[in-house]
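Engineer: Sequence and predicted structure, then a few things I'm wondering about:
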Amino acid sequence: MATMEQSLIELTSASPMLTVSDLAADRLLTMMREKQLDGYSLRVFVSGGGCSGMQYGMTFDDETREGDAEFSASGLRVLVDPISANYLAGASIDYVDSLMGGGFKIDNPNAVSSCGCGHSFRTASGGQSSGGGGCGSCSG
């Protein structure tokens, strides 16, 4: 895999960083232009569910909520709510393109295990397995 420059994003002066690769930021900005989402940001979040107990999510959002961390990566405005920021501190977002298709990949140092598809994870301190409601992309 080729080495790509990454833009550092600081959540707060006391928090670790979240990174978004230039390729991921470029792909997201292209998607926003194609959908004519002027004034929108990328919202990155964590929610309960998935094969491993917690799952990643990304959506385009035109609203900043109270407590959101707001920052920029390669021209992309990113929002993270304070609860998700605890789980995403130090994580990196990349875009991977392969013969089987492309997609966004989150590498999270807080995850002690992940499901086969990489869309859900468990942390040492809080992500207990839900025991059901798998993501459907892997066998768990």
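Structural biologist: Sure, I can see it. Numbering: from 1, shown residues only.

Engineer: where does the protein dip in pLDDT?
Structural biologist: Residue ranges of the chain with pLDDT under 70: 1-17, 50-52, 112-140.

Engineer: Please enumerate the helices of it.
Structural biologist: Under the criterion DSSP state H, helices of the chain are mapped to 22-34, 82-88.

Engineer: Run through the neighbouring helices and strands of the longest one.
Structural biologist: To tie it back to what came earlier, the one meant is helix 22-34. Helix 22-34 is packed against strand 6-10, strand 76-80, strand 92-98, strand 101-107, with contacts defined by 3 or more Cβ pairs under 8 Å, 6 or more residues apart in numbering; DSSP states H and E. All C-beta atoms are positioned from the backbone trio N, CA, C, and that covers glycine.

Engineer: CA atoms only for that helix, dumped as PDB, please.
Structural biologist: C-alpha atoms of helix 22-34 as PDB (Å, rounded to 0.1, in the frame of the first residue of the first chain):
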ATOM      1  CA  ASP A  22      -5.800  13.100   1.800                       C
ATOM      2  CA  LEU A  23      -7.400  10.300  -0.400                       C
ATOM      3  CA  ALA A  24     -10.300   9.900   2.000                       C
ATOM      4  CA  ALA A  25     -10.900  13.600   2.300                       C
ATOM      5  CA  ASP A  26     -10.700  14.000  -1.500                       C
ATOM      6  CA  ARG A  27     -13.200  11.200  -2.000                       C
ATOM      7  CA  LEU A  28     -15.600  12.600   0.600                       C
ATOM      8  CA  LEU A  29     -15.400  16.100  -0.900                       C
ATOM      9  CA  THR A  30     -16.100  14.700  -4.400                       C
ATOM     10  CA  MET A  31     -19.200  12.900  -3.000                       C
ATOM     11  CA  MET A  32     -20.400  16.100  -1.400                       C
ATOM     12  CA  ARG A  33     -19.900  18.000  -4.700                       C
ATOM     13  CA  GLU A  34     -21.800  15.300  -6.700                       C
END
